[in-house]
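Participant: okay, predicted coordinates and the sequence, questions at the end:
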Amino acid sequence: VDLFRMNCELLATCTALGYLEGDTYHKEADCLESVKDLIRYLRHEDDTRDVRQQLGAGQIVQNDLLPIIIQHGQDKALFDACIRLMVNLTQPAMLCFGKVPDDPVFRHHFLQVTSHLQACKEAFASEAVFGMLSETLYTLLQLDWEQRQEEDNLLIERILLLVRNVLHVPADPCEEKKVDDDASIHDRLLWAIHMSGFDDLIKFLASAQSEQQWSMHVLEIISLMFRDQTPEALVSAGQARTAEEKHRDTQELEALREKELAAKRSRTLQRGTRHSRFGGSYVVQGLKSIGDKDVIYHRNVHNFKNYTHDMGKAVRRVPKRNRQARECKDKRRSALNVRLFLREFCVDFLENCYNRLMYLVKESLIREQTQQHDETYYLWALSFFMAFNRGNGFRADLVSETMSIRAFHYIERNITNYYEMMLTDRKEATSWSRRMHLALKAYQELLLTVNEMDRSQDESIRQSCSVIKSNIFYLMEYREIFLTLLRKYDETRQPHSYLKDLVESTHLFLRMLERYCKGRNSLMVQKKRVRRKKSRGQKKPSAAETSPEALAETWKVVEEELKLSESLTESIVPFDATSDTPLEEQRTDAMVRVQDALLIRLGPEALALLRAAREVWPEGDVFGSADVEPEEELELLKQILHANLPRSPPPEPAAEEDDDDAAELEEEELQSVQVFEKEFNFLDFIKRFSNPSVVRPYLLLLKSYSKNTPHTNHCIARMLHRLAVDLKMDAQLFQLSVFNVFNKILSDPAAAAYKELVTFAKFVLNRFFSLAAQNNKAYVELLFWKNVGAVREMTEGYGKDGEGKKPTWTEEEEEELRNLYEEHRHSEVPDIVETLLPLLSDSTRTRRQVVTQLVRMGLVDSAKELKKQKKGTQIVLWTEEQEEELQMLYEEYKDSDDVLGNIMKKHTAKRSRARVVDKLLSMGLVSERRELYKKRSRSARGTSSGKGMTEDEFLEGLTQGFTDDPGDRDDEDEEDDESEEREVEEEQERETSQNGGRSSQSLRSTVERRPDVGAMVYALQQEGMSEPLLWLQSCLNRTAIDREQDGFSQDVPLVPLKEANEEAMDNKSFLRLLRKLGLRAPANEQETFWRIPAKISVSQLRGAAAALSPREEEPKGGEEQDGSRSPTGESQETEVVSGEQRAQALRALLLTRKRKHHSSDASHQKTRIKQHIIQQKNET
């Protein structure tokens, strides 16, 4: 189909609409059916949008549809059909084609559709058209919601969409070559909207509670109305210029005048006395040509300063991916009457509509009830109207909806999302960059408004400002956003205007933060540390404990925010519907979530979660009663914040599978974020900006210093001044590209207009030349960007930073190491490096240095060969000779009292007791470990009571042969196992029954006189545990009195009620004292507290209590304490002490056996399996 000739069916349909005669339109009888046919044709157009192009070329909108709705608007069916058709015809070309086509043919169709839309926009710039639309919309809005039909709502939406589409049509730069203050087509369209009263209907829709469903359409229309405007231009519309504006204009004129005079003087100097034909030729000394000779210059000598080797060469083409991002179109100043009308619109909108409309739009965005990228309209409105409010007599109540921490969080989240999408969606990187710029401007405006609130005369506004600043300075996300954006700046995707706003926003934030820090002695901020861990054997890090002072500060901020907030956040579900945990059991998790929200100072979120949980779990009033007052809610939140809530442990890792995927999953590195608080130092924060990736963007912006505003140049100079002067990192600016910019500034004829930059450039250059006089490599360093380490080397001397890190090895030391390694490499020692370290002449060598040197000398191929083996993991195989020797020794000593001890003494191979026991079990020589226990003879029991044997002989005989190889022991916890304790208690009971002749008086005297108990009591007193010791003493005395009065005994729990006593029950030294006194730990998970056993008599309890009496000095030993006792008492004491030491040794013995039993179970099972496999092979 030839697009320049209308299709015959389309032509016939358009002809059937009617015709225009003068200013009167005569419609045909089947006009309505023809409009419906055109809608049907548009539904079936092809990818080139042929129907749309033909109707646009035929000017169907200008000549037919608009006259129909103006002159025949009373025909409701025809009016509805025409509006529906025009909404379709005026939709943006971007929606028709999806994007700007890359194909030349489709690009031509795209431009054709755009040109037809621009012609339609000019036709809509009529008061008659918008008068009819306003009248119809006003009539529909007069209907109550009960009387309004579905067709009425559709017509309202279509009228709003039609106005939105017309306003969205871009201006044609070729046709609209108008200067500022001249009326463009867009200005005429806005004036028609104003004269018809349509703008008043827009404000009504934005403020009416019953019309909140149109909030997104209203915001789109408003943003398109102010598309070409700036808040500053509207604020100053119709007002006299301020003194500041006059001064700024005077400075600009002075700079231009100085440039013009400098150019005039330069032309005067270049004007020679002789004719230009006799300019002559010159030899440029020191500038070589292609060969070794100097360059010959054949032109006028006055033009030599512009000479370069690149003259006459073709300009190198820059690849498309490396080109700088293009700027968006510049703003233009509309006609004065349009600006005045828009200014009044802004004032009325802020007073009556802004807060409500922004709330509704935010709710729709959060609930995802809008279309994609609709949040850009919200970001634009926030930045535009808040800037207008700042310039037009700032009032904080007019923008209270968007002046909160939630607004900062929402914008920060969008900036992060836009940046991630800009990296991943490379084809649409330009669009994502523009959205990111819009979000940055909104964030900048929030900071400017906070800064304006800080200067307010109202105390409540300043207090609200303090709350907001404490939050944005406390949280790391808000504090470091500008540092991250500067590091990630990419000039190929982000335009120059984005960098300008970023630099100015950073300057403002640092100035606010610096002022905030100066008014306080210390500032605590939140810090996050990302830790990498492996999934195997790792536990989730526990949350950091918060001090009461920090909790009080947090509650103060949360309470203030809750009192100032007008609305809560979006609805929150307090439970996890996908969790396997029943709903009733998730109540504690909901309470923990409320506490977490309070800890990170999100008060509205915590309150919303509390109310949602109250609806889900109303029973018991755990989350408050249904009719709770606001003050009671605040008190409940405060209690939750300070409560010590039980937190569920992290889920256990799943069972391992024997496949490659499971092995890879175990080794996968995970990230865990640890949140903690630290004291903030402003100078340390500025040090993070001392990075080449941050300085480069500032240099890029400094290159256009002549086009920048004075404020932008001040922001650049202030940041560079912070680095060069405050941090003394001026050497970081010693770079050739920086000096090139400084040279342009100093040689600029209008340098007087840039006094700050000139002063700073001279300072940096003076510092460089001073350094160059001392460091002859400074000129070479100009070629490179330098980090902090390179700057330190350049200023303090090279190599100073690395001295001592890599010590050198002399030839004698290398020869010594080689000889020692060759001597011990075949010695079968478990760790050859540990063997070599004490033999080296230089005792300061570390293991890493020796391993590195062995690898460098080629004695070993890799450091992995010398990897230090972990304890208990070395498996040493038994040879046949060692097995035969073990069997012979067992046959020889199997009837002795100490089988295992004798075998360990006689066996030539060095094996631990656990290895020998496992081997005896695997060989079938013994059936269970009990057969290897040391047997107690009657004589041993008789002498164990202390008669006929000294104390040293008893201990020596008790521990004979029970030493274990320390290399095979793993680190054990000091807390004993419950089964081990029961085993020790059974052994003590057997000892008590076997030595029944001991009296209760002897046990009491033992406790009173034991030097180890006294030493432990004295040590605990030195640790500040006098109060828990007195509490324990009173418990023992009270229990003794009760048992003496009642005549029977039962286990009495020790219940600590005070905080000091609770802390003592967690102290390992205190628990060790409890065991010494005979108290029993919790037997199972049903018991929580330690108990005083029922078997301890009254006299024993009083003796134990007497042993806890406070001591003036540390006991010296048993001899000094008992020096005044009689010989008979001394013999009795010897008997008691030796019995107690025997019980202590038995306890240690049983614990050792139990540990060995746990460590040998796995190897015992493997050995059994191996024997079974060998037996099956032999049978086969």
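Facilitator: Received, thanks. Quantities reported herein were computed from a predicted structural model and do not represent experimental measurements.
Participant: what about Arg164, distance to Asp200?
Facilitator: Going from Arg164 to Asp200 by CB to CB, to the nearest Å gives 17 Å. All C-beta spots, glycine's among them, are computed from the backbone N, C-alpha and C.
Participant: which residues of the stretch 151-300 of the chain fall in helices?
Facilitator: Along the stretch 151-300 of the chain, counting by DSSP state H, counting those that start in this stretch, helices occupy 185-196, 198-207, 215-225, 231-235, 243-270.
Participant: Leu155 touches Ala81, doesn't it?
Facilitator: No: counting by CB atoms under 8 Å, Leu155 sits too far from Ala81 to count as a contact (10.8 Å).
Participant: and the residue nearest to Ser862 when sequence neighbours are not counted, how far is that from Arg1072?
Facilitator: Among residues not flanking Ser862 along the chain, Val855 sits closest, at 6.7 Å (CB to CB, 6 or more residues apart in numbering). Distance, Val855 to Arg1072, using CB to CB: 47 Å.
Participant: out of these two, which sits in the more crowded spot?
Facilitator: Set side by side, Val855 and Arg1072 show more neighbours around Val855, with 16 against 13, by other CB atoms under 10 Å.
Participant: which ones are touching that one?
Facilitator: 861-863 (CB atoms under 8 Å, 6 or more residues apart in numbering).
Participant: before we move on, what SS does it have?
Facilitator: Counting by DSSP: H, G, I helix; E, B strand; the rest coil, the backbone at Val855 sits in helix.
Participant: from Val829, how far out is it?
Facilitator: Relative to Val829, and taking CB to CB, Val855 is found at 19 Å.
Participant: who has more neighbours out of Arg164 and Asp200?
Facilitator: Set Arg164 next to Asp200 and count neighbours by other CB under 10 Å: Arg164 wins out with 19 against 15.
Participant: contacts made by stretch 1041-1061 with the rest, please.
Facilitator: Outside stretch 1041-1061, the residues within contact range by CB under 8 Å, 6+ apart are 1025, 1027-1028, 1031-1032, 1035, 1039, 1062, 1064-1065, 1079-1080, 1087-1098, 1101.
Participant: can you do 6 Å?
Facilitator: Residues outside stretch 1041-1061 that contact it (CB atoms under 6 Å, 6 or more residues apart in numbering) are 1027-1028, 1031, 1035, 1039, 1062, 1065, 1089-1092, 1094, 1098.
Participant: nearest to Ala613 among these?
Facilitator: Glu1062 (29.8 Å; CB to CB).
Participant: part of a strand, is Val525?
Facilitator: Yes: looking at Val525 with three-state DSSP, it is inside a strand.
Participant: can you give me the pLDDT of the residue nearest to it when sequence neighbours are not counted?
Facilitator: Using CB to CB, 6+ apart and skipping residues adjacent in sequence, the residue nearest Val525 is Phe680, 4.3 Å away. We have a pLDDT of 88 for Phe680.
Participant: then Asp64?
Facilitator: For Asp64, the pLDDT comes out at 91.
Participant: which residues of the stretch 951-1100 of the chain fall in strands?
Facilitator: Taking DSSP state E, counting those that start in this stretch to define them, one finds strands in the stretch 951-1100 of the chain at 1052-1053, 1091-1092.
Participant: now the first one: average pLDDT?
Facilitator: Average pLDDT, strand 1052-1053: 86.
Participant: that strand pairs with which strands, parallel or anti?
Facilitator: Using DSSP bridges, strand 1052-1053 pairs in its sheet with strand 1091-1092 (antiparallel).
Participant: and for the partner strand, what's in contact with it?
Facilitator: 1039, 1051-1053, 1079-1080.
Participant: from these, which would you call buried?
Facilitator: Using 16 or more other CB atoms under 10 Å as the burial test, the contacts of strand 1091-1092 include 1039, 1052, 1079-1080 as buried.
Participant: what is the nearest of those to Gln112?
Facilitator: Comparing the buried ones among the contacts of strand 1091-1092 against Gln112 with CB to CB places Arg1080 closest, at 93.9 Å.
Participant: beta partners for the closest one?
Facilitator: Arg1091.
Participant: that one reaches Pro1093, doesn't it?
Facilitator: Yes: in this structure Arg1080 lies within contact range of Pro1093 using CB atoms under 6 Å: 5.1 Å.
Participant: who's in contact with Ser134?
Facilitator: So Ser134 contacts 196-198 (CB under 6 Å, 6+ apart).
Participant: and the residues you listed as JSON lines, adding neighbour count?
Facilitator: As requested, the contacts of Ser134 are exported to JSON lines (neighbours: other CB atoms under 10 Å):
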{"residue": "Ser196", "neighbour count": "20"}
{"residue": "Gly197", "neighbour count": "15"}
{"residue": "Phe198", "neighbour count": "21"}
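Participant: redo those residues as CSV? Include pLDDT and distance to Tyr474.
Facilitator: As requested, the contacts of Ser134 are exported to CSV (pLDDT from 0 to 100; distance: CB to CB, whole Å):
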residue, pLDDT, distance to Tyr474
Ser196, 92, 51
Gly197, 92, 49
Phe198, 93, 46
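Participant: circling back to that earlier point, and which of the contacts of stretch 1041-1061 is nearest Arg847?
Facilitator: Met1065 (41.7 Å).
Participant: for that closest one, give its distance to Glu21.
Facilitator: From Met1065 to Glu21 the distance is 103 Å (CB to CB).
Participant: okay, those two: which has more neighbours?
Facilitator: Neighbour count, other CB under 10 Å: between Met1065 and Glu21, Met1065 has more, with 15 against 8.
Participant: where's that one relative to Ala1105, distance?
Facilitator: Met1065 is 18 Å from Ala1105, by CB to CB.
Participant: please apply the same query to Leu736.
Facilitator: From Leu736 across to Ala1105, the span is 84 Å (CB to CB).
Participant: more neighbours: which of the two?
Facilitator: Neighbour count, other CB under 10 Å: between Leu736 and Ala1105, Ala1105 has more, with 21 against 11.
Participant: contacts only, for that one.
Facilitator: Going by CB under 6 Å, 6+ apart, Ala1105 touches 1033, 1036-1037.
Participant: can you give me the neighbour number for the residue nearest to Leu189 when sequence neighbours are not counted?
Facilitator: Among residues not flanking Leu189 along the chain, Ala125 sits closest, at 4.4 Å (CB to CB, 6+ apart). Other residues near Ala125 come to 20 when the count uses other CB under 10 Å.
Participant: contacting residues around Ala125?
Facilitator: Residues near Ala125 by CB under 6 Å, 6+ apart: 185, 188-189, 192.
Participant: low-confidence stretches in the stretch 801-950 of the chain?
Facilitator: The stretch 801-950 of the chain contains residues with pLDDT under 70 at 801-807, 828, 868-877, 910, 936-950.
Participant: how about Tyr297, what does it touch?
Facilitator: The contact partners of Tyr297, taken as CB under 6 Å, 6+ apart, are 282, 284.
Participant: okay, and the beta partners of it?
Facilitator: Bridge pairing for Tyr297 - DSSP bridges - gives Tyr282.
Participant: pLDDT at it, what is it?
Facilitator: On the pLDDT scale, Tyr297 gets 78.
Participant: give me the contacts around the helix or strand containing Lys755.
Facilitator: For Lys755, the host element (DSSP states H and E) is helix 755-772. By CB under 6 Å, 6+ apart, the residues outside helix 755-772 that reach it are 713, 717, 730, 733-734, 742, 745-746, 751, 778.
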